[in-house]
Each structure stands twice: as structure tokens, then as C-alpha cells.
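Asks: take this sequence and fold it.
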Amino acid sequence: MESPFKPDILKGKVALVTGGGSGICFEISTQLGKHGAAVAIMGRRRSILDTAVDALRSQGIRAIGFQGDVRKQEDARRVIESTISHFARLDILVNGAAGNFLVSPEDLSTNGFRTVLDIDSVGTYTMCHEALKYLKKGGSGKDQSATGGLILNISATVHYTAAWYQIHVSAAKAAVDSITRSLALEWGTDYEIRVNGIAPGPIEGTPGLQKLAPEEMKNKAREYMPLYRLGEKWDIAMAALFLASHAGKYINGATIIVDGGHRLSRPRHIAKEEVKQLSRIVEQRSRASPASLASSKL
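Replies: Numbering: from 1, shown residues only. The predicted structure is shown next:
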């Protein structure tokens, strides 16, 4: 789909996207690049990185890939410094690396729980911490602009209520949202860094949806989702562009939910036609005997 944003809104900016070689974060990388930014992507698997970088460059995007694990502080530092060395600055950090799988709490080991928290929440904080000196106002990166940079943390919606078989992810993403708010307060005040989040709902064509929602479950969910469809990776990338552009300059500490209202979804306990019939019955009774209806309510 055609972007509603001007193609040069991020001209001269440099973005580093963790998990940027696939899924939602690859689309974010693509759209940031299409709108003028140079893009570095970070991931654990070299083959995926190389394929992603080739795809970005084929679209005229200045791109490079760095292998690394967000759980390792030395990797985080090396990748950020390599980005600075290659592109001379860092303006946008997108924390999208994540881990997920379905498991009931009684079958989830402590190690499995810890692994997801390490990737999602500890990894997010580690990348933010290592990027601070380059993102802050007057940072030490070469040719760093006078204003502070932007951090975008990719969250989820599972922890806003509760989700079956997702206790580890719910805990990890709740921590990510908390990190977003805390850094927005402190680093927004001290360094003019904006820190925001994006919470995607179910997005078509992503590895996460393929693992977590079999086709028959997706079809059933469409029956009561407010917009009756799954989201697209493009939808999340457009939210990222909005927050990264001048249009989002006064947004700080917010996590934007992009789920088509999915978090509001509830199965229908009563069919719509039955509700109409019940309403007619109540209306008829009220006309026949308002007093008896009032007493029955009491």
C-alpha cells in the first residue's frame, strides 16, 4: 500500500532495528529506509540478516546487518558502536527482538520463563542503556544532532488483560511497557530522548502468528474481532513512521496499540437476533404494565 508519509521525512536519520531481519521488524526497517533513513539491523542468524540486507538494498535503502544477541551486553555495545562507525550517528533505536511460544504455566520451566524475559525485557533495557550516549541531546556520536533521539519498544497486548499459555510473554511485555514509561520520564527530562512503544495485535504473515494461532483459530477469532480482519505488518510500520516523524514530536511515554480493537474482543454469548427478540419482549411488557416491570427490576 502507498504510504501517507512523504518519502523524505526521515532523510539524514539513522535507525538500528533489533530483530529487523524478519516479520514486523523487517517491515519497520523497510519503511524507515523507504522514507529516508539509513538502517542497521541486528539479529542472531547471519543467513536471515544477509537476506534481509540484500532485500533492503535492492529497494535503494542504505542498509547493513550486524550479528548479535540482545541478551549479551558486549553484543549490544559492539553492534551500536558498529552502527555509529558505519553511519556516523544514531537517531532511532527500535527494540523488536523477542521470544515466544505457547505453553501452560505448569509445563513452563523457570529457565523457559527467564529466557523470554531476558530477550524481551532485559534485552530491551540493555540496548537502550548502551545506546544512551549516542541518542541523548548532544550525544558523542560523530555528527550527532543537537536534539535527542527516539526509542521505540515493540510490545504486545497479551498483558493488558490475560492470555492463555502466554504467562512468560505477558510478564516480559509488561516489563517492556514499564521500561518505556520510566525511560520516557527520566531520559525525556534529562536528555530529550523520546521513548515510546507499539503494541501490535494479531498480524497476518508473521512467524509469531503462524506459531501461536492455527488457521482454524484465526478464522474463529474473525467472528468477534471488531474489524473482522487481521492486521498487516504495514500497519505497524506506519505507526513507527508516525512516532519517528515530526508529527510525533510531542508523544513521549506512550505505547500505541495497533490491533484493530482485538483486545476488546469477546465471544458473543447471545446472538444478535436473540437480543432483538428479548428487547421486543421487554418493551411489550413495559407497555403492558410499567409498574410490574419496575417492581420486577427491584
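Asks: hey, C-alpha coordinates of stretch 109-121 in PDB?
Replies: The C-alpha trace of stretch 109-121 is given here as PDB (Å, rounded to 0.1, in the frame of the first residue of the first chain):
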ATOM      1  CA  SER A 109      10.300 -24.300  33.300                       C
ATOM      2  CA  THR A 110      11.900 -21.500  35.200                       C
ATOM      3  CA  ASN A 111      14.600 -21.400  32.500                       C
ATOM      4  CA  GLY A 112      12.000 -21.000  29.700                       C
ATOM      5  CA  PHE A 113      10.300 -18.200  31.600                       C
ATOM      6  CA  ARG A 114      13.700 -16.500  32.200                       C
ATOM      7  CA  THR A 115      14.700 -16.800  28.500                       C
ATOM      8  CA  VAL A 116      11.700 -14.800  27.300                       C
ATOM      9  CA  LEU A 117      12.200 -12.100  29.900                       C
ATOM     10  CA  ASP A 118      15.900 -12.000  29.000                       C
ATOM     11  CA  ILE A 119      15.200 -11.400  25.300                       C
ATOM     12  CA  ASP A 120      12.200  -9.100  25.600                       C
ATOM     13  CA  SER A 121      12.700  -7.000  28.700                       C
END
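Asks: residues in contact with that stretch?
Replies: Contacts with stretch 109-121, where a contact means C-beta atoms under 8 Å, 6 or more residues apart in numbering, come from 70-71, 97-101, 103, 167-169, 171-173, 175-176, 179. (C-beta placed from N, C-alpha, C; glycine too.)
Asks: for that stretch, which positions count as buried?
Replies: For stretch 109-121, the buried set under the neighbour-count rule, 16 or more other C-beta atoms under 10 Å, comprises 113, 115-121.
Asks: the stretch 51-200 of the chain: helices as residue ranges?
Replies: 73-87, 110-117, 123-135, 167-191 (DSSP state H, counting those that start in this stretch).
Asks: for stretch 33-43, list the C-alpha coordinates in PDB.
Replies: Presented in PDB, the C-alpha positions along stretch 33-43 are these (Å, rounded to 0.1, in the frame of the first residue of the first chain):
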ATOM      1  CA  GLY A  33      14.500   3.100   4.900                       C
ATOM      2  CA  LYS A  34      12.000   4.000   2.200                       C
ATOM      3  CA  HIS A  35      11.400   7.300   4.000                       C
ATOM      4  CA  GLY A  36      15.000   8.300   4.000                       C
ATOM      5  CA  ALA A  37      16.700   6.700   6.900                       C
ATOM      6  CA  ALA A  38      19.800   4.500   6.800                       C
ATOM      7  CA  VAL A  39      19.100   1.300   8.500                       C
ATOM      8  CA  ALA A  40      21.200  -1.200  10.600                       C
ATOM      9  CA  ILE A  41      19.500  -4.400  11.600                       C
ATOM     10  CA  MET A  42      20.600  -6.800  14.300                       C
ATOM     11  CA  GLY A  43      19.800 -10.500  14.700                       C
END
